[in-house]
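predicted structure and sequence below. I'll ask about it afterward.
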Amino acid sequence: MSSSEWENIKHFIKQYPLHASRAKKFGYVESDTPFHQALYELYEADMPYDVAKGRIGNADEFIDLRLQALGFFDKPIVGSVQDE
């Protein structure tokens, strides 16, 4: 984790406090929220191309795993989220 990564996330937390607190509490970032969109844009360049485009893998899980690695979630549930 770079310090700029954490600074960006802190900015998003301040910008979208409701969505960030819900994500922290529930252990995943809800799709179709401004918080999710900001995180997607932050991490898109780090995602494998096919994951970012939704062809294989799951961009939401990629984001959740990154946040989990940072210790963001109270009770992470990454890995139990099913692809729809």
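Ah, there it is.

hang on, His36 packs against Asp64?
No: the criterion here is C-beta atoms under 8 Å, and His36 misses it with Asp64 at 10.0 Å. Yep, even glycine has a C-beta here, placed from its N, CA and C like the rest.

run a quick neighbour tally on Ser3.
Ser3 has 7 neighbours, counted by other C-beta atoms under 10 Å.

separation between it and Leu65?
In this view, Ser3 and Leu65 are 20 Å apart by C-beta to C-beta, to the nearest Å.

again with Gly57
11 Å.

now do Ile9
On the measure of C-beta to C-beta, Ile9 and Leu65 end up 14 Å apart.

the two: which is more packed in?
Taking other C-beta under 10 Å, Ile9 and Leu65 do not tie; Ile9 has more neighbours (20 against 15).

in which helix or strand does the more buried one reside?
Using DSSP states H and E, Ile9 falls within helix 3-15.

neighbouring contacts of that helix?
Applying C-beta atoms under 8 Å, 6 or more residues apart in numbering, the contact partners of helix 3-15 are 20, 34-35, 38-39, 42, 67, 70, 72.

now the spatially most central residue of the chain. Nearest residue, chain neighbours left out?
Residue closest to the average C-alpha location in the chain (C-alpha atoms, centre = their mean): Ile63, at 3.3 Å. Leaving aside its sequence neighbours, Ile63 sits nearest to Leu39 (C-beta to C-beta, 6 or more residues apart in numbering; 5.0 Å).

now Ala52
Closest to Ala52 by C-beta to C-beta, 6+ apart is Glu44, at 5.2 Å.

what's the pLDDT at the most far-flung residue of the chain relative to its centre?
Largest separation from the mean C-alpha position in the chain: Arg55, at 18.3 Å (C-alpha atoms, centre = their mean). Note on Arg55: pLDDT of 91.
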